[in-house]
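I need the structure of the sequence given here:
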Amino acid sequence: MDDEQPQDSPVASGPSREHEGMSDDDGPIDPGALSVDLDVAEELFGARYLGLTTVGQSQPSMQVTGTTAHGPTQLGAHNTMHNNYYGEKPLDPIIGVLSGVDGLLAVYAPTDADATLDASLVERSTLCLLGPRNSGRFSTAVAALARRYGPWCVHEVVLPTGVPPERLIETPDLVAGDSGFVLRLAEDDHLAVMRKLTPMFRGRHSSLLLIKEGRVRRWDRHGGEVSHCAPDPFAVFHNHLGTLPQSVQLTVDESRAAVDHELKATYGPKECVALAAAVKAKLPSNSEALHAILQGSQPKRRERASNIMLPKPDDRARLRRTSQHERAFRLAYAVFRRRPLHYVFEAADLLLNEIDSAALRSNWGSMALQHPVQELLGEDLKADWVAASESGTERIGSSRTAWIRDPGLRGAIIDVAWHDFDGTRRPLLKWLDRLVRENDEVMQRAAAEAAGLLADLDFARVYKELIDDWAKSPRRAVRQAAAWALTYSAKGGDAAPKVRAKLREWCSGNYKYQHDTAARVYASGLEQTFLAWSMLDLLRIAEDPMQEPRHAVAAAVNQLYRPERAGWILDELAGWPSVAPFRVHVARAAVALTARIESTSLDGRPDLLQRIVEGQIDSGGLGRLWSCAFFDPVCASEAGATLASWIRYADGNDDVRVHVVALLDAMISTAASRRRITFYLTRAPEIGKIIPKWVKMEGKTARER
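Numbers count the residues shown, from 1 in each chain. Just a heads-up that it's a prediction; the model follows:
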């Protein structure tokens with residue numbers, strides 16, 4: 001594998017044309033082309049997927065109060081992002097009030113830690129709640145603070161990547177009095193954090209409750225440590241289930257008889273909440289129907305995955321290679337779910353080659369017409385394969401697709417392959433690496449999805465042996481696979497702090513290709529806890545001159561866009577330095593944003609035009625950004641085409657014409673800008689050489705404005 005030279009090496013001064021032609025990176029990226037599939041995240045992580053369920057038993061949302069906007073790079077209370085793009089001053093912590101705490105208390109299931117927390121909060125101003133992940137620690141901490149201070153006085157502390165908790169000492173005004181604060185810790189020494197922060201919180205008559213994965217050591221117990229265990233799973237399930245309609249009402253006894261065994265095997269309160277939501281959505285009329293819903297739990301899926309992947313007792317007399325071939329095919333079938341079946345055959349052959357190589361065994365090759373699909377799939381997946389041939393099921397062209405009716409089974413099969421076989425991990429990682437380097441986007445996406453799940457299971461190893469090398473690759477497609485993998489890693493929630501640290505490493509490290517990978521992570525759909533942090537990362541990436549011919553930064557800004565964010569994002573772009581290499585990224589982002597169509601429009605109204613109409617953004621600010629695009633040789637033609645589409649739309653809609661006129665006045669500020677805008681506008685197919693009479697290309701002088 002070719003590693004890139006460090007940033008201070010002359011070799012790294014520009015992209016490697018030997019490995020990658022500039023044509024791979026010098027074109028605009030279509031909106032959404034790099035986005036990850038959220039359905040895949042649900043398949044891989046099940047109830048752990050952040051978009052499906054709440055954190056713990058419920059998730060109060062963080063509301064940042066006291067928002068100020070004294071500059072384009074400020075967002076939230078005291079979250080000052082200075083316009084020094086070298087990062088000389090770190091970001092301040094973010095502290096926000098948690099809303100929805102009263103809703104949490106309404107469904108909260110007690111834990112053994114509640115009484116200890118209540119007593120300890122009376123005596124101490126800082127505590128640490130230690131327990132396994134996915135055990136509902138956050139909900140327990142929030143409930144304890146709400147009992148002491150009230151549900152409206154509970155705050156969450158969020159630290160930017162690389163900022164230690166002790167930073168709070170430098171910003172004491174962030175800590176309100178007579179309030180509770182919860183802070184999630186990753187690798188920090190919780191005892192040291194408590195020692196340093198106790199005086200400040202004691203002086204404010206407030207409490208800080210830290211959350212960390214781990215357990216209290218009985219032989220070295222610290223008075224500020226509280227052990228946490230998950231609550232009774234049936235209590236969580238029943239509290240979230242609520243009241244069903246009378247026609248399908250189930251008694252508590254019937255519910256417990258049907259679900260108690262399944263719930264005890266779940267992976268934590270989060271999954272109990274997901275199962276309760278599924279029951280409320282499907283409204284089962286009896287215990288049998290309720291039991292059928294619970295077969296979709298992760299433990300049940302993993303049990304089925306084990307039956308699919310592990311040898312059967314009657315298989316002992318069979319040839320070792322036959323059972324190995326079957327397992328390789330079934331794993332490939334899961335990895336390539338919803339994709340043409342020929343990918344499954346090709347990927348299974350590649351996996352067997354990696355297994356042979358790891359065993360120092362000669363390549364046995366593949367036997368044609370020896371193993372039919374139904375035999376390779378076995379009885380457990382055979383029914384799904386047959387269902388895929390029924391009318392109305394998913395098909396891609398003339399090829400049959402790898403079909404699994406229960407989407408969550410896909411992640412369970414990959415989990416079993418990773419954990420339940422000896423000597424599998426290294427060949428499996430080499431196999432995914434081989435798939436990514438096959439120059440086939442279908443294979444690259446499938447491999448990146450599997451790598452994202454494996455990274456959630458073993459983050460350090462998977463990134464060290466696989467994804468970090470992808471991120472440094474001179475090949476754009478391989479870097480994009482790394483970006484997809486990191487984005488999927490964040491979707492499970494458990495690895496989120498490690499994902500943020502890895503993203504910071506790629507943004508600020510010495511490998512220039514990793515800077516491009518980091519931008520592609522944002523273009524793939526990952527977002528930081530606060531939008532300002534994402535934009536600051538993109539500003540750091542844009543500083544790299546090697547990014548100048550690439551469009552990943554603009555694609556990332558476009559991916560971060562939401563209508564309610566329009567004004568802030570445009571102000572942020574206006575605050576970026578107006579010199580190279582930043583200027584080109586601002587121009588490309590402006591072109592991408594102005595080309596967006598309003599999501600609910602039936603006549604193709606531009607989204608930013610609708611924001612102008614509603615007063616959410618200023619036409620003058622947008623005009624100045626858009627004007628810059630006409631001076632970029634790559635963007636100018638597309639900027640002219642987009643402006644022509646705006647004019648054509650306004651020509652048929654009198655209500656927006658005045659706004660387009662004001663926009664043109666802001667864009668045409670000099671004779672040079674008038675000439676360039678007129679040149680590219682009249683050559684756009686959308687308008688041709690005939691400009692509507694209401695369009696005035698004179699603009700306004702600086703004095704008139």
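
neighbours around residue 384, how many?
Counted with other CB atoms under 10 Å, residues neighbouring residue 384 total 17. C-beta coordinates here come from the backbone N, C-alpha and C atoms, glycine included.

sorry, that was for residue 652
Residue 652: 10 neighbours (other CB under 10 Å).

What of the one 5 residues further on?
A total of 17 residues lie near residue 657 under the criterion other CB under 10 Å.

Confirm for me that it is in contact with residue 692.
No: the pair residue 657 and residue 692 does not pass the contact test of CB atoms under 8 Å, sitting 9.1 Å apart.

shared neighbours of those two, which are they?
residue 651 (CB atoms under 8 Å, 6 or more residues apart in numbering).

Show me the residue at the heart of the chain, geometrically.
Centroid-nearest residue in the chain: residue 526, 3.6 Å away (criterion: CA atoms, centre = their mean).

roughly how far apart are the residue lying closest to residue 94 once chain neighbours are set aside and residue 174?
Nearest residue to residue 94, sequence neighbours excluded (CB to CB, 6 or more residues apart in numbering): residue 158, at 4.5 Å. Note on residue 158: its distance to residue 174, by CB to CB, to the nearest Å, is 11 Å.

Which residues are in contact with each of those two?
Common neighbours of residue 158 and residue 174, using CB under 8 Å, 6+ apart, are 93, 95.

Quick one: residues contacting residue 117.
Counted by CB under 8 Å, 6+ apart, residue 117 has contacts 127, 129, 140, 141, 144, 209, 226.

I'd like to know which elements whichever helix or strand the fifth one is part of is packed against.
When you say that, I think you mean residue 144. Under the criterion of DSSP states H and E, residue 144 resides in helix 137-149. The contact analysis (3 or more CB pairs under 8 Å, 6 or more residues apart in numbering; DSSP states H and E) places helix 137-149 against helix 101-107, helix 113-123, strand 126-131, strand 154-158, strand 180-184, strand 207-213.

mind putting the ones you listed in a markdown table, distance to residue 503 included?
A markdown table is the format used below for the helices and strands packed on helix 137-149 (distance: least, CB to CB, whole Å):
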| stretch | distance to residue 503 |
| --- | --- |
| helix 101-107 | 30 |
| helix 113-123 | 33 |
| strand 126-131 | 27 |
| strand 154-158 | 15 |
| strand 180-184 | 17 |
| strand 207-213 | 21 |
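
any idea how far residue 213 is from the spatially closest residue to residue 237 that is not a sequence neighbour?
Using CB to CB, 6+ apart and skipping residues adjacent in sequence, the residue nearest residue 237 is residue 272, 4.5 Å away. Separation of residue 272 from residue 213 (CB to CB): 20 Å.

Those two: which is more packed in?
Each of residue 272 and residue 213 has its neighbours counted (other CB under 10 Å); residue 272 has more, 32 against 16.

a helix runs through the more buried one, doesn't it?
Yes: assessed by DSSP: H, G, I helix; E, B strand; the rest coil, residue 272 belongs to a helix.

Model confidence for it, exactly?
Looking at residue 272, its pLDDT stands at 86.

isn't it right up against residue 239?
No: contact criterion CB under 8 Å: residue 272 and residue 239 do not qualify, at 9.2 Å.

For the residue nearest to residue 435 when sequence neighbours are not counted, give me phi and psi.
Excluding the flanking residues, the one nearest residue 435 by CB to CB, 6+ apart is residue 447, at 3.9 Å. When quoted as degrees, to the nearest 10, the phi and psi of residue 447 stand at phi -70, psi -40.

Then residue 226?
For residue 226, the backbone dihedrals (degrees, to the nearest 10) come out as phi -130, psi 130.

Okay, now the unreliable bits of the stretch 551-700 of the chain?
In the predicted model, the stretch 551-700 of the chain carries pLDDT under 70 at residues 688-689, 698-700.

Show me the helices in it, by range?
For the stretch 551-700 of the chain, applying DSSP state H, counting those that start in this stretch gives helices covering 552-560, 566-574, 582-594, 607-613, 619-629, 636-651, 657-667, 671-682.

possible to save those helices as a markdown table with distance to residue 35?
Putting those into a markdown table (distance: least, CB to CB, whole Å) gives the following:
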| stretch | distance to residue 35 |
| --- | --- |
| helix 552-560 | 7 |
| helix 566-574 | 18 |
| helix 582-594 | 14 |
| helix 607-613 | 17 |
| helix 619-629 | 24 |
| helix 636-651 | 21 |
| helix 657-667 | 29 |
| helix 671-682 | 29 |
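
Those: which one's closest to residue 168?
Closest approach to residue 168 among those is made by helix 566-574 (25.8 Å; CB to CB).

Residues contacting the closest one, please?
Contacts of helix 566-574 (CB under 8 Å, 6+ apart): 69, 72-73, 75, 531-532, 535, 557, 560-561, 586, 589-590, 593, 607-608, 611, 616-618, 621-622, 624-625.

For it, output the C-alpha coordinates as PDB.
Listed next in PDB are the C-alpha coordinates belonging to helix 566-574 (Å, rounded to 0.1, in the frame of the first residue of the first chain):
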ATOM      1  CA  ALA A 566     -29.300  29.100   5.700                       C
ATOM      2  CA  GLY A 567     -28.500  32.500   7.300                       C
ATOM      3  CA  TRP A 568     -25.900  31.200   9.600                       C
ATOM      4  CA  ILE A 569     -24.100  29.100   6.900                       C
ATOM      5  CA  LEU A 570     -24.000  32.000   4.500                       C
ATOM      6  CA  ASP A 571     -22.700  34.300   7.200                       C
ATOM      7  CA  GLU A 572     -20.100  31.700   8.100                       C
ATOM      8  CA  LEU A 573     -18.900  31.500   4.500                       C
ATOM      9  CA  ALA A 574     -18.700  35.300   4.300                       C
END
